[in-house]
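S.K.: Okay, here's the prediction I keep looking at, along with the sequence it came from:
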Amino acid sequence: MFMLRNVGKLIFGDTSKESMIELPQGQLYLVRPLSPKGYSELIFKDAAARIRRTGQEYQYQLVVQRAYEEGEEELLDDENGEDADVAALASERDEKTFLLDEGLHFRSEIREGGEKVLAWRDLSGDAGDLYEFVCDNSIDSAQVQAFEITAIQCQYERKHRKGYQTATEEELAQFTFDEQPIPSASPTHSPETLSPVTAMPSNTFRSTANSAVKREPGIKVDREETPTKSSRATRRSLPMKRVVRKEETPEKEEPPTPAPAVATHPVAKSILAKERAELHLFDFTSGSFVIQDSTTIATVSEVGKWEYWLQITGDDKDWLGQAIIADINPVFNFDYLSFIFNAYTPDGQAYSWLLRFKDTEKLVNFQEGVMQALWEQLNEVRWNKNKEDDRDYVLQAFQDLTMEDADAQEEEEEEEEYEDAEDVDDGQRSEHYDSDEEDDDVVTRNTDGQINSQLAVGYKHDRSFVVRGSKIGVFKHTPNNALEFSTNISKVQTPGGKIFSPKKVMLHAEDTNMILQSDHDPNSLYRMDLEYGKIVDEWKVHDDIPVNTFAPEKKFSQMTGEQTFLGLSHNALYRIDPRLAGSKLVDSELKQYAGKNDFSAAATTEKGYIAVASNKGDIRMFDRLGINAKTHIPALGEPIIGLDVSADGRWVLATCRTYLLLIDALQKEGKNEGKLGFEKSFAKDSKPQPRRLGLTPSHVAQFQHETGSALSFTPARFNTGEGVDETSIITATGPFIVTWTMNKILRGSKDPYSIKRYSEEVKADNFRYGSDKNLIVALPNEIQ
């Protein structure tokens, strides 16, 4: 069975010093087992190891960088002053760099007790001297395995001056070094981690079928071939060696993930697409796609009213049957003629599959069939009734697109900024919100029957507010980017004394007020005076028009004394003015639609332009209230549950359950060139280019494999601040925080996001105001 090797985060591109893979926490030692200078020296107590590119092709560096404790770096900088020579020495003090060459004899080892160590020769030292990176307990074996595979492939490229993709297993095995066991550093234990957060490489489970799978002519795959025990051992022994004592029995190799049982196929009423393709299945153990059948027939068919089916069969075996729904997370890559998707067993287990087609024409035909089925299933409208340019818009959104060339000078700078954005955890903050709560209360379990549900981040003052049932916790942002419990509002109740749990909250009027909504009264809103911590006003908006959601008048209105804000019902958009007598809805600025548009979210720009999204999945852009939209962006199918807009109105960010949608609102041609879609309508033949931001299907499968829950994003947000460019996007699903980097998205990087896993499900998340690094995360019973 031919295996497509995975390299973790290894992304071969044209960035000169891009970090390709990282082990975020460990200790660096210099071990001298034969030297009279001393056995072991601790170089960095806290450090991160990474592999990065250099400015030369096929040359890579192993870098170990010191991590500072809070305030330590600033203290050392003050001591060193601004002298250039001192700064150079400081740089040497903070980072150790090694050219990845076979002379290093780079290798790894798992010791008794599970300690994971990387080691390489000190070429400038005495015979036997080694550098050892002792991984923190939070680093798992798969991460170390992926790191060594990356190092092996980099060494191959340096020696042979060509890409590793054409290398055989035997050629790569020349860069694995089975020497004596790595001598233990002192102390032998890795530092204890206090943070509940474990970093996860953004592409630990990424498919390398899209990089290594361009198979050389002449390689034949026999689908009946079964890998022998020895061949599996050779394949899996490349990355890791485990020290096993003589009396121990070596661990048995885990076989590749088997294909699940095939669901019964419904009878097809009509065929939408039918093509031959090569079939691969994602292996959870190795983190790679493994070929299952070199010749299959993939068929998309209609099987019922708005029901569609994907069926894959081989010459002598039925491989797969899956209903076509949004959860299949389809991704089409035309560079590698591949289609990656998820399929599910009846008990909810997710498997990631890959189809590779012979040529572009076959992939295009199959893509049109899949997207027609998915769009009709979601919208219950025939595909051919959609306008041709709307159909093209939908198809483009599910391709890997480069939206615009990113500035090359900003690229490296952005990488460095991201690498520095490590979470600093000063301890867990419990959310009991009792009137006698103390700062040192760190109970982190649910004892009051409630969990955290919403987060509001202050713009004007460094405060964050967390909703927990009918209580609101108030947290202060400290200078070292931590959160400190300040106080709590123990009872959220109406002026009449009725306690309720807020459905939605929004800070208002220079962060002195909070607007709240109760589930029990959709026609009213409440104003809480945060200085007193109590609701002081009830606003009746309208007797007949409910408030389904609301948004600020302008993006930074909460920084000002602005009193008005926007309200939405299912089919109306309007302004709310609390100063009005009686109903607070401004009749002259009401835009009501006859049909049910099912509006679900709204966002505004710095100038007050308005974006409105719906549960149908479409988006409207307005330059002001009370008129028709300037631009209408068609639906991809899924309901939009969250919306954000960049301050300048250039970018619109929509959140659906299984993906995000990033839209460039700037017109680049025609009579309205240079105008935004908020200001002037796009020409009929010039729709804004969409970018669907989704996780790789293999990541989705891995998440569901680990958590048992389906993908479900929280509303995504840009980092924000007056005069601050939007450089990052944050969202969460289950216990995973996902951060997209705008610069990577714009240049078409295959890996534009990173993932960090938390100890529990993330209930709400946002950036701290004015920062693209500091995150505020609400877990069920903690704030971080």
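M.R.: Happy to help now that I have it. Note that the structure is predicted; figures quoted are calculated from it, not measured.
S.K.: can you pull the buried residues of stretch 728-738?
M.R.: Residues 728-738 are the ones in stretch 728-738 that count as buried (16 or more other CB atoms under 10 Å). Backbone N, C-alpha and C define where each C-beta goes, glycine included.
S.K.: Just the pLDDT at the residue lying closest to residue 395 once chain neighbours are set aside, thanks.
M.R.: Leaving out its chain neighbours, the residue that sits closest to residue 395 by CB to CB, 6 or more residues apart in numbering is residue 371, at 5.7 Å. Residue 371 carries a pLDDT value of 87.
S.K.: one step back: narrow the buried residues of stretch 728-738 to those in helices?
M.R.: Of these, none are assigned to helices by DSSP state H.
S.K.: so which of these comes closest to residue 43?
M.R.: Distance to residue 43 across the buried residues of stretch 728-738 (CB to CB) is lowest for residue 737, with 30.8 Å.
S.K.: can you pull the contacts of that closest one?
M.R.: Residues in contact with residue 737 (CB atoms under 8 Å, 6 or more residues apart in numbering) are 730-731, 755-758, 762, 765, 775, 777.
S.K.: now for the helix or strand hosting the residue nearest to residue 395, which elements pack on it?
M.R.: Following DSSP states H and E, one finds residue 371 within helix 360-379. In this structure, helix 360-379 makes packing contacts with strand 270-283, strand 288-304, strand 307-314, strand 338-344, helix 388-397, judged by 3 or more CB pairs under 8 Å, 6 or more residues apart in numbering; DSSP states H and E.
S.K.: With only the CA atoms kept, save stretch 559-567 in PDB.
M.R.: Only the C-alpha atoms of stretch 559-567 are listed here, as PDB (Å, rounded to 0.1, in the frame of the first residue of the first chain):
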ATOM      1  CA  MET A 559     -15.600  54.800  22.600                       C
ATOM      2  CA  THR A 560     -17.900  57.800  22.400                       C
ATOM      3  CA  GLY A 561     -21.000  59.100  23.900                       C
ATOM      4  CA  GLU A 562     -23.100  58.100  20.900                       C
ATOM      5  CA  GLN A 563     -26.600  57.100  22.100                       C
ATOM      6  CA  THR A 564     -28.200  55.600  19.000                       C
ATOM      7  CA  PHE A 565     -27.500  52.100  17.700                       C
ATOM      8  CA  LEU A 566     -28.900  49.600  15.100                       C
ATOM      9  CA  GLY A 567     -31.500  47.000  15.500                       C
END
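S.K.: Return the distance of it from the chain's centre.
M.R.: 32 Å (CA atoms, centre = their mean, to the nearest Å).
S.K.: Touching it from outside, list them.
M.R.: Residues outside stretch 559-567 that contact it (CB under 8 Å, 6+ apart): 459-460, 506, 508-510, 515, 541, 547, 549-554, 557, 573-579, 585-586, 602, 604, 610, 625, 722.
S.K.: Give the buried subset of those residues as a PyMOL selection command.
M.R.: Selecting only the buried entries of the contacts of stretch 559-567 in PyMOL, with 16+ other CB under 10 Å as the criterion:
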select buried, resi 459+506+508+509+510+515+541+547+549+550+551+552+553+554+557+573+574+575+576+577+578+585+586+602+604+610+625
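S.K.: What about the contacts of stretch 559-567, which are in strands?
M.R.: Members of these lying in strands (criterion: DSSP state E): 506, 508, 515, 549-552, 573-576, 585-586, 602, 604, 610.
S.K.: okay, among the residues you listed, which ones form the most distant pair?
M.R.: Of all pairs drawn from the ones in strands among the contacts of stretch 559-567, the greatest distance, 18.9 Å, lies between 508 and 573 (CB to CB).
S.K.: What mean pLDDT does stretch 611-618 get?
M.R.: The pLDDT scores in stretch 611-618 average 93.
S.K.: Show the end-to-end separation of it, please.
M.R.: Stretch 611-618 has an end-to-end distance of 11 Å (CA to CA, to the nearest Å).
S.K.: which residues sit against it?
M.R.: By CB under 8 Å, 6+ apart, stretch 611-618 touches 378-379, 568, 573, 597-604, 619-622, 629, 632-640, 643, 645, 652, 654, 656, 678.
S.K.: quick one: which of these sit in strands?
M.R.: 568, 573, 599-604, 619-622, 632-633, 643, 645, 652, 654.
S.K.: Buried members of these into PyMOL, please.
M.R.: Of these, the buried ones go into a single PyMOL selection, burial set by 16+ other CB under 10 Å:
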select buried, resi 568+573+599+600+601+602+603+604+619+620+621+622+632+633+643+645+652+654
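S.K.: State the distance from residue 748 to residue 355.
M.R.: 22 Å (CB to CB, to the nearest Å).
S.K.: Residue 693 too?
M.R.: Relative to residue 355, residue 693 is positioned 22 Å away (CB to CB).
S.K.: repeat for residue 339
M.R.: Using CB to CB, residue 339 is found at 5 Å from residue 355.
S.K.: any residues in contact with both of these two?
M.R.: The contact sets of residue 339 and residue 355 overlap at 277, 366 (CB under 8 Å, 6+ apart).
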